[in-house]
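Novice: model this:
(2 chains)
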Amino acid sequence: MTEHKDQEQLQEQQAAASGEAPAAKDTTKPEAAAQGEASAEQPAEKGSAAEAKPAEAPEGGTGAAGRNEGPASSGVKAETSGRQAASGEAPASDGEKPKRLDPAEREARRAAALAARAAAQAAGEAPAGDGEKPKRLDPAEREARRAAALAAKAAAKAAAGGGDEGEGAEPAPKEPSPNQPLLDKIVALIRDQVAPDAVEDQYINEVDSHLPVVVVKNEHWLKTAKLLKQSLKLDYLINLSGVDYETYMEVVYHIESFQTGEKYCLKVRTDRDAPSIASVTPVWSTANWPEREVYDLLGIQFPGHPDLRRILLPDDWAGHPLRKDYEPLDPEV
Amino acid sequence: MALRTEELLLNVGPQHPSTHGVFRIVVKIDGEIIKEATPVMGYLHRGTEKLAENLNYTQIIPYTDRMDYVSAMTNNYVLVSAVEKLMQLEVPERAEFLRVIVMELQRIASHLLWWGTYLLDIGAMSPFLFAFRDREIIIELFNELCGARLTYFYMRVGGVKWDAPDGWIQKVRDFVPYMRERLKLYDDLVSGNEIFLARIKGVGRYDAQTAIDYGLSGANLRCTGVKRDLRKDQPYSVYDRFEFDVPTRTEGDCYARYLLRIEEIKQSLRILEQAVEMFPEGPVMAKVPRVLRPPEGEVYSRVESPRGEIGCYVVSKGKDSPYRLKFRRPSFVNLQILPKLLVGESITNLITILGATDIVVGEVDA
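Specialist: This is a model prediction of the structure:
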């Protein structure tokens, strides 16, 4: 029964994922309209094959209209109409697909669409009912919500004396984690050898087998990395991932030593507007491709990297998909 | 007088039979000697990590099937184990045993596929047919278990979807001695073959320090003498209950990697043998909420896949879909050393070295 439902949902999701639908799914009214507009404008811009496109363009328009009606009816209906709209649009955009836009032009289009959306939202046209899509909230509002949630949680905890999080938080206040000495050691070393203020934050991640986590200041990162490899013999960079936290970006390094068996997680934060973190390729050769991947998908620069190019996406791709504000407006998607 | 040669750019792929997927490598050659090699990838990029941000956890599992499509079971496991870690779920014993059994069967199937196709790449046709016939038995077992031959979608957060049907465990039990016999045949057929040895012995050699620096894992790391197997070093699931060895070699060449994979099949058979004997009764799913909402937090879970360490970094914000999901794909990381190994090699060794790395392009590009 549940399996059946699962599968159904899954198929739906996959169907949605295959077309333009991720956009269609969480598109709010104004954006749908903007998209319709964009696809209607494209032929004019391109100025080619005039006959076919105007005929198709209204279809895109009706698609958008269909989506507009969606929220009023039931969720399922909205979903299907969204999909129809997407599939109706697909041939249209296929026909008018500009084969190779140069990156600058694409970037410009993307920026224009973003601006249009922002304007629409500013005008207050956005439906109020899309609270379940946190992606659409502006950072300030989100921050406020998060703060409120945190406060509520803290209050609940204080009242219940542990409450629902009791299990997870248990080892922390009562007895120090078995890995606390490791954390103290690495923090002391960094403070001593790099700079007294090089450590921004430190904690033990209990759910992840008590992994010691240290947040290092961006400007001290390369020196810290070199030190860790030399002094703590952390010779194996297990994993390098980037995360967009909307107010800042973070690169996470899971590092291990084959000689001592110690494991750490190091994090470096960077500004979101001009994200940049020193490359650790000189320290661990394995960082090369993962850094390129992070650059490709999140747009973080790695000064000192020998060959920072896109690695998974085409060279002329516009935008960085894993950024939370990414808009998949590329006609080829 | 020396033979006059000049540099030539040669494009290999994206469609090339030895890449087992769509992978391209641009090599600069002087005569037959490679001067420079630049891998170009992304032809199979499907944006798994991006898609996952809009899916709930159960829906992501089939996407992991499609990453490393010849080892879908270990991929399933790395995701569900990460979520289980986050939710601090207790998984029933029977489910864990089923997981171990399918993961070890999968390891054998994956190594068999590698064995057959690698030999095919370097010019031996019949081993491929042998390997696929035996792999078919495992595929059939999986088919009986979960109704799919390649993309299983078998594991769930909290257990596995289907219990073993009647007689299935017996079939696994029978498979072990059969496969042992077959392995002897394989060894006789190939491992000592002079042409084969001349082709791969001493080729693509590197030392332990380089391997660690490049973050290699799996047989690519163990062939340099580093004894690393996550099943032993950081046991997950119920691996700590089985007796098995971690084979290593010190040559660091393609032949060492070849021998290791054969040896790993033998170790997997040992684990299977014990697992079916200890196979417990009980449920195969833990009690999990209908909608999975792992608490806020982050976790990195690591698993020894046939290709090396596959990892999954999940950041949860308490929602039903992950805030960020990142896969550490062993094929992607292991491939990185390729340009370094190729410099100075003859062009014929490109295939020998690439093949011995054992990549799956679906995983390289994710």
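
Novice: So which bits of the stretch 151-300 of chain A are right by chain B?
Specialist: A:165, A:167-168, A:205, A:207-209, A:211, A:235-239, A:241-244, A:252, A:254, A:258, A:261, A:265, A:284-286, A:288-290, A:293, A:297 (CB under 8 Å from any CB of the partner chain). C-beta coordinates here come from the backbone N, C-alpha and C atoms, glycine included.

Novice: what mean pLDDT would you report for stretch B:4-23?
Specialist: Averaging pLDDT along stretch B:4-23 gives 82.

Novice: How about stretch B:70-82?
Specialist: 94.

Novice: Residue A:256 contacts residue A:263, doesn't it?
Specialist: Yes. Look at residue A:256 against residue A:263 with CB atoms under 8 Å: they come within range, at 4.8 Å.

Novice: re earlier: selecting buried members of the residues of the stretch 151-300 of chain A next to chain B in ChimeraX, what would you type?
Specialist: Entered in ChimeraX, the line below selects the buried ones among these, by 16 or more other CB atoms under 10 Å in any protein chain shown:
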select /A:168,205,207,208,211,235,236,237,238,239,241,242,243,244,252,254,258,265,284,285,286,288,289,290,293,297
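
Novice: Would you mind giving both backbone torsions of residue B:73?
Specialist: Per-residue torsions, residue B:73: phi -70, psi -40 (degrees, to the nearest 10).

Novice: so it makes contact with residue B:102?
Specialist: Yes. Contact criterion CB under 8 Å: residue B:73 and residue B:102 qualify, at 4.8 Å.

Novice: what touches both of the two?
Specialist: Residues touching both residue B:73 and residue B:102 by CB atoms under 8 Å, 6 or more residues apart in numbering or on different chains: B:142, B:152, B:154.

Novice: so of those residues, which ones are in strands?
Specialist: Using DSSP state E, no member of those falls within strands.

Novice: returning to what we had before: among the residues of the stretch 151-300 of chain A next to chain B, which are located in strands?
Specialist: Per DSSP E, strands hold the following members of these: A:205, A:211, A:236-239, A:241-244, A:252, A:254, A:265.

Novice: could I get those as CSV with distance to residue B:117 and pLDDT?
Specialist: Formatted as CSV, these follow (distance: CB to CB, whole Å; pLDDT from 0 to 100):
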residue, distance to residue B:117, pLDDT
A:205, 40, 90
A:211, 38, 92
A:236, 29, 93
A:237, 30, 94
A:238, 28, 94
A:239, 28, 93
A:241, 31, 94
A:242, 34, 94
A:243, 37, 94
A:244, 39, 94
A:252, 35, 95
A:254, 32, 95
A:265, 37, 94
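
Novice: in the stretch 151-300 of chain A, what residue is nearest chain B?
Specialist: Taking CB to the nearest CB as the measure, the stretch 151-300 of chain A has residue A:286 as its residue closest to chain B, at 3.0 Å.

Novice: Farthest-apart pair in the ones in strands among the residues of the stretch 151-300 of chain A next to chain B, please.
Specialist: Pairwise distances across those peak at 26.2 Å for A:236 and A:244 (criterion: CB to CB).

Novice: buried stuff in stretch B:46-54?
Specialist: Neighbour counts using 16+ other CB under 10 Å place B:47-54 of stretch B:46-54 among the buried residues.

Novice: same for chain A: which of these are within range?
Specialist: Residues of the buried residues of stretch B:46-54 in contact with chain A (CB under 8 Å from any CB): B:47, B:49-51, B:53-54.

Novice: how about the helices of the stretch 151-300 of chain B, start to end?
Specialist: B:168-186, B:194-200, B:208-213, B:219-222, B:230-233, B:254-278 (DSSP state H, counting those that start in this stretch).

Novice: deepest of those helices, which one?
Specialist: Comparing the helices of the stretch 151-300 of chain B by mean neighbour count (mean count of other CB atoms under 10 Å in any protein chain shown), helix B:219-222 ranks first with a mean of 28.

Novice: Show me what that helix is in contact with.
Specialist: For helix B:219-222, contacts defined as CB under 8 Å, 6+ apart pick out B:211-212, B:228-229, B:246-249, B:257, B:260-261, B:264, B:308, B:334, B:337, B:357-358.

Novice: model confidence over it, on average?
Specialist: Mean predicted confidence for helix B:219-222 is 94.

Novice: One more: stretch B:100-107?
Specialist: Average pLDDT, stretch B:100-107: 95.

Novice: Stretch B:32-50: end-to-end distance?
Specialist: By CA to CA, to the nearest Å, the extent of stretch B:32-50 from end to end equals 42 Å.

Novice: ok, now stretch B:186-194?
Specialist: Span of stretch B:186-194 from end to end, CA to CA: 15 Å.

Novice: How far does that stretch sit from its chain's centre?
Specialist: With CA atoms, centre = their mean, to the nearest Å as the basis, stretch B:186-194 stands 23 Å off its chain's centre.

Novice: Give me the below-cutoff pLDDT ranges for chain A.
Specialist: By pLDDT under 70, the low-scoring segments of chain A are A:1-174, A:329-333.

Novice: what domains does the record give for it?
Specialist: Here the domain parsing of chain A from automatic domain parsing is A:2-130, A:132-165, A:178-326.

Novice: how near is residue B:191 to chain A?
Specialist: 29 Å (CB to the nearest CB, to the nearest Å).

Novice: OK, contacts around that residue?
Specialist: B:258-259, B:262.

Novice: again with residue B:30
Specialist: Contact analysis of residue B:30 by CB under 8 Å, 6+ apart lists B:5-8.

Novice: Run through the bridge partners of it.
Specialist: With DSSP bridges as the criterion, residue B:30 is bridged to residue B:7, residue B:33.

Novice: tell me the pLDDT at it?
Specialist: Listed pLDDT for residue B:30 reads 91.

Novice: one step back: when you check chain A, which of the contacts of helix B:219-222 turn up near it?
Specialist: Subset of the contacts of helix B:219-222 in contact with chain A: B:212, B:228, counting by CB under 8 Å from any CB.

Novice: name the element residue B:96 belongs to?
Specialist: Secondary structure assignment for residue B:96, by DSSP states H and E: helix B:93-121.
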